[in-house]
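[1] Dropping the sequence and predicted coords here.
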Amino acid sequence: MNIRPKFKLIFGLGNPDKQYESTYHNAGHLAIDLLEKTAELSTKISKSNTYMNESGKALKKLVKNTNIKPEEILVIQDDSDLFLGDFKLSFNRGSAGHKGIESIIRSLKTKVFWRLRIGIRPQPIKGRKRLRAEDFVLKKISLKDKKMLQETVKRACAFLTRS
């Protein structure tokens with residue numbers, strides 16, 4: 001039996017300024033934009049309105065006066081360890097160095113929440129060294145990659161809603 005969690009809040013990570021709008025690091029915001037346009041959800045959805053490193057403050061403020069428990073939250077984030085086109089659903093895991101997730105863990109004082117990790121790492125090019133995350137996460141997403149990210153988010157959402 002494949003049981004899917006019931007989320008009460010879906011929270012997309014990213015940076016608020018226009019200069020970051022279409023960067024790989026804003027995959028969480030892009031996912032929320034797509035969900036708002038295409039999905040019929042009864043779940044509350046929101047984007048962080050702070051910089052990535054302060055995401056925990058924004059999420060804590062959002063859930064402060066609600067009955068939403070951390071285990072009912074899905075955080076959508078970029079993941080530079082996963083290749084573009086891949087995604088993973090994680091629960092009760094560490095940050096793996098992601099500053100936005102570190103901030104959430106500190107602010108909520110728990111890591112017991114769900115994460116949809118959207119891959120943003122370019123496919124390796126034979127004969128070239130592996131790119132460091134800081135070399136591409138804040139670059140503008142190409143049209144081709146943006147389409148792939150959108151398809152990845154659609155597949156991930158279909159995966160999450162399967163019963």
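    Alright, I've got the coordinates.

[2] next one: phi and psi at residue 143?
    Backbone torsions for residue 143, taken as degrees, to the nearest 10, come to phi -60, psi -40.

[3] do you know how far it is from residue 72?
    Distance, residue 143 to residue 72, using C-beta to C-beta, to the nearest Å: 35 Å. In this view, the C-beta of every residue, glycine as well, is placed from N, C-alpha and C.

[4] Compare those two and say which is more crowded by neighbours.
    Comparing residue 143 with residue 72 by other C-beta atoms under 10 Å, the one with more neighbours is residue 72, at 17 against 9.

[5] Nearest spatial neighbour of that one, chain-adjacent residues omitted?
    residue 8 (4.2 Å; C-beta to C-beta, 6 or more residues apart in numbering).

[6] Look up phi and psi at that neighbour.
    phi -100, psi -20.

[7] Give me the outermost residue of the chain relative to its centroid.
    Largest separation from the mean C-alpha position in the chain: residue 127, at 30.4 Å (C-alpha atoms, centre = their mean).

[8] Show me the helices in the chain, by range?
    27-38, 55-63, 99-108, 143-161 (DSSP state H).

[9] got CSV for these, with distance to residue 117 and mean pLDDT too?
    Shown next, in CSV, are the helices of the chain (distance: least, C-beta to C-beta, whole Å; pLDDT from 0 to 100):
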stretch, distance to residue 117, mean pLDDT
helix 27-38, 9, 86
helix 55-63, 14, 94
helix 99-108, 9, 96
helix 143-161, 9, 86
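
[10] re the thing from before, please tell me how far the residue nearest to residue 72 sits from residue 111.
    18 Å.

[11] just residue 152 next, same as before
    Counting by C-beta to C-beta, the gap from residue 152 to residue 111 is 24 Å.

[12] same check, this time on residue 34
    Taking C-beta to C-beta, one finds residue 34 at 26 Å from residue 111.
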